[in-house]
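[1] Everything below, folded, please.
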Amino acid sequence: MRTATTVEASAGWEQTRDFVVEAEKLGLDECWVAEAWGSDAPSVLGFLAARTQRLRLGSGVFQLGVRTPVAAAQAALTLAEMSDSRFSLGLGASGPQVIEGLHGVPFARPRTRMAETVQIVRSVFSGEKISFAGKAFEIPLPGEARPMRLSTRPNEDIPIYLAALSPAMLELTGQVADGWLGTSFVPEGAGDAYFRHLDAGLAKAGRTRGDLVVCQGAEVAFAADEDELGRMVGARKKDLAFSLGGMGSAGTNFYHDAYGRQGWADVAAQVRERWQSGDRDGAAALVTDEMVLATTLIGTEAMVGARLRVWRDAGVDTVRLYPAGTTLEARLDTLGRALDLVRHVG
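    I've put the predicted structure just below:
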């Protein structure tokens, strides 16, 4: 498996910058830059392109609705040029809370907007004049405007990854993307929850699993003994409860739904109800040790190594690591140990 991490610059930028530079020296293969409701991704990626030499960089993700498809393609072409073709474009629909609540843009028809965005982006990458008439986008708009092409150099080799959790978006990913940026991954439940839909999309496009890079992420942390492991698992429960109950809007939470499809529908529903009622400690108390250990890479080195083998055998091509640690040195130490394990697992 290849190795990756995800960063953002919302807080502690200097440490984040130094972490990425040092992670490259440790041998990390890829760094994805997030933008949710904090810092933007292109600014950070441009800076990192100038401070790294080998590391592949990616947007993890550009949110639909924040940019036009052509603006996303422009940023991708620019970042590919600045990084000597080390850039991958990650796109995600986000959710109604961020898109409508923060940006004031309708979240309607995310699958259609994603499908049309990918078509437009690939057209821009090819250097064609941009002319598109779809259900969500029309370029150029009716009137005097004529189709244009960008003045930048075309680049059809930029990989496009989609962040997908819902069945419809997973199927689209299989149809049109070069890679899948996944999360909330439980290998034992991933067949029905994720791969069935990805494979359906691949089949529609006449492609196979080998045509799609599967990139999955999870927190990684090493415990010295059972007591420390217990504390780590306990500390992670509130984060997982937030994903199940606090992410998205009251009616739309893709993380909650994904966990539900992987065998925890009842618990996920109870956690969301408690969280949305304001009882966050009660919500965290409903999260079981099994849930935390199944969705993370937390444990002794032997436990983490065993889980990495399960991930590899489940079809993960790139493992995206979120190393634990309260200092830069601690995070790098965790990352270095995880990289050694991934190399050993193969």
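
[2] helix or strand for the residue nearest in space to the middle of the chain, which one?
    Centroid-nearest residue in the chain: residue 181, 4.3 Å away (criterion: Cα atoms, centre = their mean). For residue 181, the host element (DSSP states H and E) is strand 179-182.

[3] If you average the pLDDT over that strand, what comes out?
    Strand 179-182 carries an average pLDDT of 97.

[4] ok so, going back, now do the contacts for the residue nearest to the centre of the chain.
    Going by Cβ atoms under 8 Å, 6 or more residues apart in numbering, residue 181 touches 32, 60-61, 90, 92, 161-164, 215, 217, 320. Every C-beta, even on glycine, is put in place using the N, C-alpha and C of the backbone.

[5] hang on, the earlier thing: can you name the next helix or strand after the strand holding residue 181?
    helix 190.

[6] Identify the residues contacting the next helix or strand after that following helix?
    Next in sequence after helix 190, counting helices and strands by DSSP H and E, comes helix 196-204. Applying Cβ under 8 Å, 6+ apart, the external contacts of helix 196-204 come out as 167-168, 170-176, 180, 208-209, 211-212, 214.

[7] if I look at residue 283, how far off is residue 264?
    13 Å (Cβ to Cβ, to the nearest Å).

[8] now swap in residue 324 and tell me
    23 Å.

[9] Check the offset of the strand holding residue 181 from the chain's centre.
    7 Å (Cα atoms, centre = their mean, to the nearest Å).

[10] ok, now how distant is residue 218 from residue 322?
    Residue 218 sits 7 Å away from residue 322, taking Cβ to Cβ as the criterion.

[11] Please read the previous query as pertaining to residue 249.
    For residue 249 relative to residue 322 (Cβ to Cβ), the value is 25 Å.

[12] And residue 103, by the same measure?
    26 Å.

[13] neighbour count winner among the two?
    In terms of neighbours (other Cβ atoms under 10 Å), residue 322 is the more surrounded of residue 103 and residue 322; the figures are 18 against 14.

[14] does the more buried one sit in a helix or strand, and which one?
    Using DSSP H and E, residue 322 falls in strand 318-323.

[15] repeat for residue 249
    Here residue 249 is assigned to no helix or strand, by DSSP H and E.

[16] hang on, it packs against residue 98?
    No - the pair residue 249 / residue 98 is not scored as a contact, 9.3 Å apart, by Cβ atoms under 8 Å.

[17] what comes into contact with the worst-scoring helix or strand of the chain on mean pLDDT?
    Within the chain, no helix or strand scores below helix 254-259, which has a mean of 83 by mean pLDDT, DSSP states H and E. Contact partners of helix 254-259, identified using Cβ under 8 Å, 6+ apart, comprise 95, 165-166, 183-184, 186, 193, 243-245, 247-248, 265, 267-269, 272, 291, 295.

[18] Buried only: go through the residues you listed for me.
    95, 165-166, 183-184, 186, 193, 243-245, 247-248, 267-269, 272, 291, 295 (16 or more other Cβ atoms under 10 Å).

[19] Filter those down to the ones in helices?
    243-245, 267-269, 272, 291, 295 (DSSP state H).

[20] Tell me where this protein is predicted with low confidence.
    Where the chain drops to pLDDT under 70, the residues are 248, 250.

[21] Pop the domain breakdown of it in here.
    Split into domains by the TED database, the chain comes to 2-220+296-345, 224-295.

[22] end to end, how far does the last one reach?
    The one in question is domain 224-295. 20 Å (Cα to Cα, to the nearest Å).

[23] how far out from the middle of the chain is it?
    With Cα atoms, centre = their mean as the basis, domain 224-295 stands 19 Å off its chain's centre.

[24] And stretch 196-210, by the same measure?
    The answer for stretch 196-210 is 20 Å, by Cα atoms, centre = their mean.

[25] What helix or strand is the spatially closest residue to residue 7 that is not a sequence neighbour located in?
    Of all residues not flanking residue 7 in the chain, residue 16 sits nearest, at 5.1 Å (Cβ to Cβ, 6 or more residues apart in numbering). Element membership of residue 16, judged by DSSP H and E, is helix 13-26.

[26] Any chance you could list what contacts the helix or strand just after that helix?
    Along the chain past helix 13-26, the next helix or strand (assigned with DSSP H and E) turns out to be strand 30-33. Contacts of strand 30-33 with the rest of the structure, by Cβ under 8 Å, 6+ apart, involve 2-9, 20, 23-24, 41, 44-45, 48, 52, 55-60, 88, 90, 181, 215, 318, 320.

[27] what packs against the top strand by length along the chain?
    As assigned by DSSP state E, the longest strand anywhere in the chain is strand 213-222. For strand 213-222, the packing partners by 3 or more Cβ pairs under 8 Å, 6 or more residues apart in numbering; DSSP states H and E come out as strand 2-7, strand 179-182, strand 297-299, helix 301-314, strand 318-323, helix 328-345.

[28] Direction included, what does the second one pair up with?
    Sheet neighbours of strand 179-182, with direction, are listed as strand 160-163 (parallel), strand 213-222 (parallel) (DSSP bridges).

[29] closest to residue 83 among the contacts of residue 181?
    Within those, distances to residue 83 taken as Cβ to Cβ reach their minimum at residue 32, with 13.2 Å.

[30] I'd like to know how many residues surround the closest one.
    A count of nearby residues for residue 32, using other Cβ under 10 Å, gives 26.

[31] Return the distance of it relative to residue 183.
    11 Å.

[32] for residue 193, same thing?
    Residue 193 is 12 Å from residue 183, by Cβ to Cβ.
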